[in-house]
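A.B. asks: this one's structure only:
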């Protein structure tokens, strides 16, 4: 097993890693829309979805792969009313249309509107 770590995604704020590589798979931790350079949270669902996708992408890149190797994502929304706007941004990154679960949750860390985690094949 290999820990994946990059400065191009937010540092873990708890007892977990940004990602792991094991047995030919890459697993990312859930990525919320924090700009890793500033620590700021984007405003609005479209900007937050974009930053969350970029954070997932940075972890994938650190593992030596890209979005096209993603086979499964789990997406969390604070409000299902944001589903269409979230999908519009998500579709620009996950062109291969991996399997996905998308659920609404009561709250997310730092009060953000979305979070994305991914599983990819290396």
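C.D. replies: It's in. As the structure is a prediction and not an experimental result, all values here were calculated from the model.

A.B. asks: show me the shaky parts of this structure.
C.D. replies: Scanning the chain for pLDDT under 70 picks out no residues.

A.B. asks: try it again at 90.
C.D. replies: Applying pLDDT under 90 to the chain picks out residues 12-14, 42.

A.B. asks: mind listing the strands for the protein?
C.D. replies: Using DSSP state E, the strands of the chain run over 2-4, 19-22, 25-28, 70-77, 99-104, 114-121.

A.B. asks: longest helix anywhere in this structure?
C.D. replies: helix 45-62 (DSSP state H).

A.B. asks: now the strands of the chain as JSON lines including distance to residue 34 and mean neighbour count?
C.D. replies: Quick note: C-beta positions are derived from backbone N, CA and C, even for glycine. Below are the strands of the chain laid out as JSON lines (distance: least, CB to CB, whole Å; neighbours: other CB atoms under 10 Å):
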{"stretch": "strand 2-4", "distance to residue 34": "17", "mean neighbour count": "14"}
{"stretch": "strand 19-22", "distance to residue 34": "15", "mean neighbour count": "18"}
{"stretch": "strand 25-28", "distance to residue 34": "14", "mean neighbour count": "20"}
{"stretch": "strand 70-77", "distance to residue 34": "15", "mean neighbour count": "19"}
{"stretch": "strand 99-104", "distance to residue 34": "20", "mean neighbour count": "12"}
{"stretch": "strand 114-121", "distance to residue 34": "10", "mean neighbour count": "22"}
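
A.B. asks: how about those strands in JSON lines, adding distance to residue 49?
C.D. replies: Listed next are those as JSON lines, based on distance: least, CB to CB, whole Å:
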{"stretch": "strand 2-4", "distance to residue 49": "22"}
{"stretch": "strand 19-22", "distance to residue 49": "19"}
{"stretch": "strand 25-28", "distance to residue 49": "15"}
{"stretch": "strand 70-77", "distance to residue 49": "9"}
{"stretch": "strand 99-104", "distance to residue 49": "11"}
{"stretch": "strand 114-121", "distance to residue 49": "5"}
